[in-house]
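K.L.:
Based on what follows, work out the 3D shape:
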Amino acid sequence: MFLIFLRSLVFNVLFYAVLVALAIVALPTFALPPRAMLTVAEWWAKATLFLMRVVCNIKVEFRGTEKIPQGPLVIAAKHQSFWETFVLPGFFNRPIFILKRQLMQIPVFGQFLAKTGMIAIDRNAGVKALLDMTRRARDAVRSGKQLVIFPEGTRRAPGAPPDYKTGFAQIYSSCGVQCLPIALNSGLFWPRRTFMRYPGTLVVEFLDPLPPGLPKDEFLARVQTVIEEATGRIVEAGRKEQEQLIGSAPSYAPSES
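P.N.:
Numbers count the residues shown, from 1 in each chain. Predicted structure coming up:
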């Protein structure tokens, strides 16, 4: 375990060093179209994947990429780690996120998010603010963008009971496009509230798209079922691999907010 600690320490130093360097490189992109800034973000993601593999012995496997539709889209992704917030956008041409408003208030980083058209939401906002967020999401998707949503609203530890929000179904219904579900097991390797990075194979699985126009209750039930079944399968496989690599799978809190 000491070797994992040491590798995690080295990884985090390099990770944030790359982040600072690329943030400086990205400064001129404020004067350019949003695509330029997204390109720098993709460099960050690729550099991180390299560091994960070389320093932490974390391999990353992307399955089902051929299922990613072209054009406007709603993406429903399982959310276990900070990792997927900056890696998943690289698979889409014009990605945008719905994210918590506090992130927009971080100096420089918040300006980067605003420049790329991300949609901020106040979790404690009233109905009017939520309706405005839904309208902005609908308009963005109808303009040809791909909207990435975490249906549970926040990170959940591997194995935590699902908590899918009904507002997500309203956004899907308003956008009128197909939905791409994504399962993953990133929380096994990049857990929250610790700098530890555990070895193994991180899997992201793009699942079969759901068609537009489903009744909201049916859609919410179907998207939760397909994501949770696939996530449960790859989390179990990841735990078994970790047991072979380090003797036991790390334990996680049942829920994270």
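K.L.:
Now do the helix or strand where residue 168 lies: distance to the chain's middle.
P.N.:
Residue 168 belongs to helix 166-175 when assigned by DSSP states H and E. Centroid separation between helix 166-175 and its chain, computed with Cα atoms, centre = their mean, to the nearest Å, is 18 Å.
K.L.:
Check stretch 62-72 too.
P.N.:
Counting by Cα atoms, centre = their mean, stretch 62-72 comes out at 15 Å from the chain centroid.
K.L.:
ok, and for the helix holding residue 168, which residues are buried?
P.N.:
167-175 (16 or more other Cβ atoms under 10 Å). Every residue, glycine included, has its C-beta placed from N, CA and C.
K.L.:
burial count for residue 61?
P.N.:
When neighbours are defined as other Cβ atoms under 10 Å, residue 61 has 10 of them.
K.L.:
got a list of what the nearest residue to it once chain neighbours are set aside touches?
P.N.:
Using Cβ to Cβ, 6 or more residues apart in numbering and skipping the chain neighbours, the partner closest in space to residue 61 is residue 203 (5.0 Å). Contacts for residue 203 (Cβ atoms under 8 Å, 6 or more residues apart in numbering) come out as 60-61, 63, 184-185, 234, 237-238.
K.L.:
before we move on, what SS does residue 203 have?
P.N.:
strand (DSSP: H, G, I helix; E, B strand; the rest coil).
K.L.:
distance of it from residue 34?
P.N.:
Computed with Cβ to Cβ, to the nearest Å, the distance linking residue 203 and residue 34 is 30 Å.
K.L.:
With residue 128 instead?
P.N.:
Residue 128 is 27 Å from residue 34, by Cβ to Cβ.
K.L.:
re the thing from before, quick check: next helix or strand after the helix holding residue 168?
P.N.:
Beyond helix 166-175 on the C-terminal side, the first helix or strand identified by DSSP H and E is strand 179-184.
K.L.:
Grab the longest helix from this protein for me.
P.N.:
Counting by DSSP state H, the longest helix found in the chain is helix 216-246.
K.L.:
roughly how far is that one from the heart of the chain?
P.N.:
Chain-centre distance of helix 216-246: 15 Å, with Cα atoms, centre = their mean.
K.L.:
Mind listing what's buried along that helix?
P.N.:
Buried residues in helix 216-246, defined by neighbour count with 16+ other Cβ under 10 Å: 219-220, 223-224, 226-228, 230-231, 234-235, 238-239, 241-242.
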